[in-house]
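Peer 1: No sequence on hand, only this structure:
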């Protein structure tokens, strides 16, 4: 597929061609998805005009995507108006979607009508019922093939913008042609529609079905419905037209289009006449359910406030609901207030947020709940949160911004997905051992969440115990629940018959889940939830048409004994050597790497930042991209969804496969296809979780240190490593190697990656502000050391897979690193292993035949496919669906360590009988799924208890000497029981097992390094205690009082006007910062400070940043130097190096660029060689996003 075209956001051919020409002529990478979405919001003519302006710009384009977004915003006035080809009729197209249908009557010329996204579909059907005197068509972007010059079309589509939210790349377009009409006396604020009588001719609708109309539990649907064109026709002796051939997913029959506005049924998609007068009185609480409901559609009392706010784009409406706290909207926002808020719908998001916070948020919310962002329109994912308490009350929070996007958000749109968390007040139980205490929360999950005119229903839950929530400040209130729920928008409470068009309208929850996969084919409810959760991980979509990819099913390789018989585990399941791993052709593997890097694939602490950085730098140009990504990644961790199947695992590059081929094994197929649904559409995509890339030096952990110590590694090995790391941390201001390592490791917490950027452009390490920032990062590193996170040489984390050649013996592995395959003994371990035998010593062996499969691809470990049991399974029950294995060639560890017998389950938790999802009704399925939520949360807490108990007993075991044999044996038995309990609890979300930790396996006293404040503790004398005490005894570096001096190359003559300008602005900045910090709470001060900094950064660049600035480079340099000297002079006067930060936060990009220009040859070699401005873009920006 052409790299300039994106199947995710298709654009008109003329626009695509112009993009291709610009990229080719100016050596630019293709625009990203956010830029393409921005272009898709304007007309084709406007998009072409914008691109022509970009093509004609004489300045260097630093970032094509951001330039596009900037230009689209500049032309927003033009993009809101779509002018008809006839000069007598003008139609203005508003980005707002949720307004009620506008009033209109048939009439004469010179008419004008305002309408919204949400009104288009309703109006198209209403227009189609009018006379056919002449043809009139509407089209925001797409022209109907074969239409005449006077014809336009309405194209119903699902843009995937955070502001639009109807997004699905597979949602098909529906093009409606209809006769023209005369319009007069149009008042867009009148909720009254008048229709002329229809003519006798038949109106046809040319369509491709948008909704997926099916119900596995219903026998009433028409199997041929999806291929039947919809028609408008006039029944005999009727005064008003009816809609024929259009049915809901419930098989509801057509009804007359004159149905009253007061009928709130959402069972069909038909047009309606709206009553001339319809008054909505304020109600005390929005979302109160009445007893009357049918087919999952409930009647709701809708207040005027809710109806008015529904006119806003969703992110603004959500912000209002968020800032009223736990109050109901109607208790806080009056009708007059709602009208005033509605009038702000064209106000920018920063200003809107500031006004709503001042009006409501400051009074009803904690400061930490403020959703104050610097980059509302950056294309990031919008996260809409809702916190539910034990009694069922709830509070909205957000929207928050995140760089990752789940498959569910990508297909449905950000605003059609809500994340539900359970929060614990001081008087509510945080451990759901007694579900009765949480019955209110349970009912809330079962009933769903309503906001405005939208209703969200439960999709599935996901356990995030091993994930750090980086979507917003870690200081914000976090629930003790590790399980979070995802809800999707499924119903509309809009009072007009024709609901806003979103893809899940009128579907049952089961039908909606079937769009992602046919999860009801699995054998248990636990698997049903875990399989649905496959769509809830942040992934990068492979930009390829899956219809052109050949997916083959190949056999697994089973474990066999000496006689060739298949070996089974204690549950009777056959053991597999190839569990979770398949193959991918070389061309697709290369495409995966490109898309993963361009999509800013997830940052992983186990991988080198510099490796992805190099690839992204070289991806700036087409030729550089092709030169860079020659070799494919060795392994791609992914999820494949196709035709109802759900596949999870890793794909090993296989050069023997034909192009565009993927081979999967039965162990990878988590959800089978339901053949009964073969003719129904589903979301199909290949989602990339990760790719194999250069690993960084691995750290030890407390568990690993404990197991190595028991295996014979002396204490001195660990204390020497600790001492070496502490010494290196103290050299960050004098050692380039130490500074780069600390900067890269902890760059994500640095101010816009300031330290790395300054190092990269050659600024000396003893520069006052750089030295101060590096000291902060070094102190952060020391905090990890006390928890056992000690770096160790010759150790890496690698993705595991099975040997495709079948030549490795059971005690052998093949390890491929930067220089190729290695040889010799290696230690292999997998987190979170806690069994004595979870560390193996294996022989790394060279396999020549492997090169025929993988070529020069790198970074991975291959395990044998021989023997009674997979070695990966022996190591903490691992498999090859993406598990990372710790591999070490450390001579010291290999010399001392003695292996133990591999783990084998002894104390198995019995399975719990489970109902099969396919045998349940829709109602029963939802009840079982909600009940499972609490069981999953409990097992997550059980796993945490087991882990802490194991470490406490292990510490006691390590303290015992040779004369304490009986006590050691007693504790060892407890440890072995806890191992099995722990592994069962980790697997419980998929197995459905209910694990309990008996009291005798819970320690009565804990080692001091676990910092159990509410438990009894003792002073541990083991190596774990010593590591903790040594680190705690270190004095933190404080470079804030260092002498402040200036860089010599910055001591140049600066225009007086620039100096005076920034002296005045710096005085204003200090006042603004003081006010912002005074008004912000402790937990939101950082956000408030960042907002002030952004304000002055935009003043400086007159754009978002250095890349998008259109100012002359000379002016940028002069003013950057003025900022630098003004700031440093003030910092020197009060002897506080922290005050120097203003210069680098506001003008750091320009300062680094200037320094690099003035000191050639001093930049460090991990940057690509590009012109100064582009090279700096890489060194400064890339570190902050990877």
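Peer 2: On my side now, so go ahead. Small disclaimer: the values here were computed from a predicted structure and weren't measured. Residues are numbered from 1 along each chain as shown.

Peer 1: rest of the way, CA atoms for contacts and neighbours
Peer 2: OK.

Peer 1: Can you list the low-confidence ranges for the stretch 551-700 of the chain?
Peer 2: 601-630 (pLDDT under 70).

Peer 1: quick one: the strands in it?
Peer 2: Counting by DSSP state E, counting those that start in this stretch, the stretch 551-700 of the chain has strands at residues 581-584, 635-642, 645-653, 661-664, 669-671, 685-691.

Peer 1: buried set for the lengthiest helix in the chain?
Peer 2: Assignment by DSSP state H gives helix 922-959 as the longest helix of the chain. Judged by neighbour count (16 or more other Cα atoms under 10 Å), helix 922-959 contains these buried residues: 922, 925-926, 928-930, 932-943, 945-958.

Peer 1: From the contact counts, what lies against it?
Peer 2: helix 439-447, strand 454-463, strand 483-492, helix 525-532, helix 702-710, helix 965-991, strand 1006-1007 (3 or more Cα pairs under 8 Å, 6 or more residues apart in numbering; DSSP states H and E).

Peer 1: Which strand residues bridge residue 417?
Peer 2: Beta bridges link residue 417 to residue 488 when assigned by DSSP bridges.

Peer 1: quick one: it and residue 504 touch, right?
Peer 2: No: taking Cα atoms under 8 Å as the definition, residue 417 is not a contact partner of residue 504, at 11.4 Å.

Peer 1: Now the common contact residues for those two.
Peer 2: residue 489 (Cα atoms under 8 Å, 6 or more residues apart in numbering).

Peer 1: Low-confidence regions, the stretch 751-900 of the chain specifically.
Peer 2: In the stretch 751-900 of the chain (pLDDT under 70), the answer is 751-753.

Peer 1: at 80 instead, please
Peer 2: 751-754, 781 (pLDDT under 80).

Peer 1: need the strands for it, in chain order.
Peer 2: 795-802, 812-817, 820-821, 824-829, 840-844, 860-863, 884-888.

Peer 1: Now distance to residue 676 and mean neighbour count too, for those strands, in a markdown table please.
Peer 2: Converted to a markdown table, the strands of the stretch 751-900 of the chain look like this (distance: least, Cα to Cα, whole Å; neighbours: other Cα atoms under 10 Å):
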| stretch | distance to residue 676 | mean neighbour count |
| --- | --- | --- |
| strand 795-802 | 35 | 26 |
| strand 812-817 | 44 | 22 |
| strand 820-821 | 48 | 16 |
| strand 824-829 | 44 | 21 |
| strand 840-844 | 47 | 21 |
| strand 860-863 | 39 | 26 |
| strand 884-888 | 38 | 23 |
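
Peer 1: looking at the ones you listed, which is closest to residue 1094?
Peer 2: Smallest distance to residue 1094 across the strands of the stretch 751-900 of the chain (Cα to Cα): 37.9 Å, for strand 795-802.

Peer 1: packing partners for that closest one?
Peer 2: Against strand 795-802 (3+ Cα pairs under 8 Å, 6+ apart) you get strand 860-863, strand 884-888.

Peer 1: go again using 10 Å as the cut-off
Peer 2: Counting contacts by 3 or more Cα pairs under 10 Å, 6 or more residues apart in numbering; DSSP states H and E, strand 795-802 is packed against strand 581-584, strand 635-642, strand 645-653, strand 812-817, strand 824-829, strand 860-863, helix 871-874, strand 884-888.

Peer 1: Dump those to TSV, plus distance to residue 973.
Peer 2: Listed next are the helices and strands packed on strand 795-802 as TSV, based on distance: least, Cα to Cα, whole Å:
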stretch	distance to residue 973
strand 581-584	35
strand 635-642	37
strand 645-653	35
strand 812-817	31
strand 824-829	22
strand 860-863	30
helix 871-874	19
strand 884-888	27
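
Peer 1: ok, the residue nearest to residue 869 when sequence neighbours are not counted to residue 868 distance?
Peer 2: Counting by Cα to Cα, 6 or more residues apart in numbering, residue 869 lies nearest to residue 559, which is 5.6 Å off, once chain neighbours are set aside. Per Cα to Cα, to the nearest Å, residue 559 is found 5 Å from residue 868.

Peer 1: what touches both of those two?
Peer 2: Counting by Cα atoms under 10 Å, 6 or more residues apart in numbering, the contacts common to residue 559 and residue 868 are 565-568, 575-577.

Peer 1: Just the buried ones from those residues?
Peer 2: Buried among the shared contacts of residue 559 and residue 868 by 16+ other Cα under 10 Å: 567-568, 575-577.
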